[in-house]
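[1] sequence isn't available, so here's the structure alone:
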């Protein structure tokens, strides 16, 4: 099995901050960390530069690949910036289809 790890430092949380399992809502400037292994992403947050990490509400979350764990991490960072007691989205993000990807082919009879 593989693993992946992502950290984004000094994220300004929006009004209402991020919901954690241990400490309720955290607000202010936060560091966000996502680790992925064995099909699960664990997302934690801390006040910027502090030692103690808190588990984000909804974590761990099913996440089938390291690539999708990066997409999930980016979504959590965006949610924290928006605030409102953000948590981990319920399902892993799906890669967006490219606009120039070929579509279904049809043939004239």
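    Received, thanks. The shown structure was predicted, so the numbers you read here are calculated from the model rather than taken from an experiment. Residues are numbered from 1 along each chain as shown.

[2] OK, contacts around residue 9?
    Residues in contact with residue 9 (CB atoms under 8 Å, 6 or more residues apart in numbering) are 31, 48. In this view, the C-beta of every residue, glycine as well, is placed from N, C-alpha and C.

[3] also the one 10 residues further on?
    Residues in contact with residue 19, defined by CB under 8 Å, 6+ apart, are 25, 56, 57, 85, 86, 87.

[4] partner strands of the helix or strand harbouring the first one, with direction?
    Counting by DSSP states H and E, the element that carries residue 25 is strand 24-26. Strand 24-26 has its sheet partners listed here by DSSP bridges as strand 18-20 (antiparallel).

[5] I'd like the average pLDDT over the partner strand.
    Taken as a whole, strand 18-20 has a mean pLDDT of 95.

[6] same question, stretch 75-91
    In this model, stretch 75-91 has a mean pLDDT of 88.

[7] repeat for stretch 25-37
    On average, stretch 25-37 scores 97.

[8] name the residues of it that are buried.
    Buried residues in stretch 25-37, counted by 16 or more other CB atoms under 10 Å: 26, 27, 30, 31, 32, 33, 34, 35, 36, 37.

[9] chain center to that stretch, what's the gap?
    9 Å (CA atoms, centre = their mean, to the nearest Å).

[10] go on, stretch 32-46?
    Its chain's C-alpha centre and that of stretch 32-46 lie 8 Å apart, by CA atoms, centre = their mean.

[11] returning to that earlier point: include distance to residue 69 and secondary structure when you put the buried residues of stretch 25-37 into TSV, please.
    Listed next are the buried residues of stretch 25-37 as TSV, based on distance: CB to CB, whole Å; DSSP: H, G, I helix; E, B strand; the rest coil:
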residue	distance to residue 69	secondary structure
26	21	strand
27	25	coil
30	19	strand
31	17	strand
32	13	strand
33	11	strand
34	6	strand
35	8	strand
36	3	strand
37	9	strand
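
[12] and the helices in this protein, which stretches?
    Listed in chain order, the helices of the chain (DSSP state H) span 66-82.
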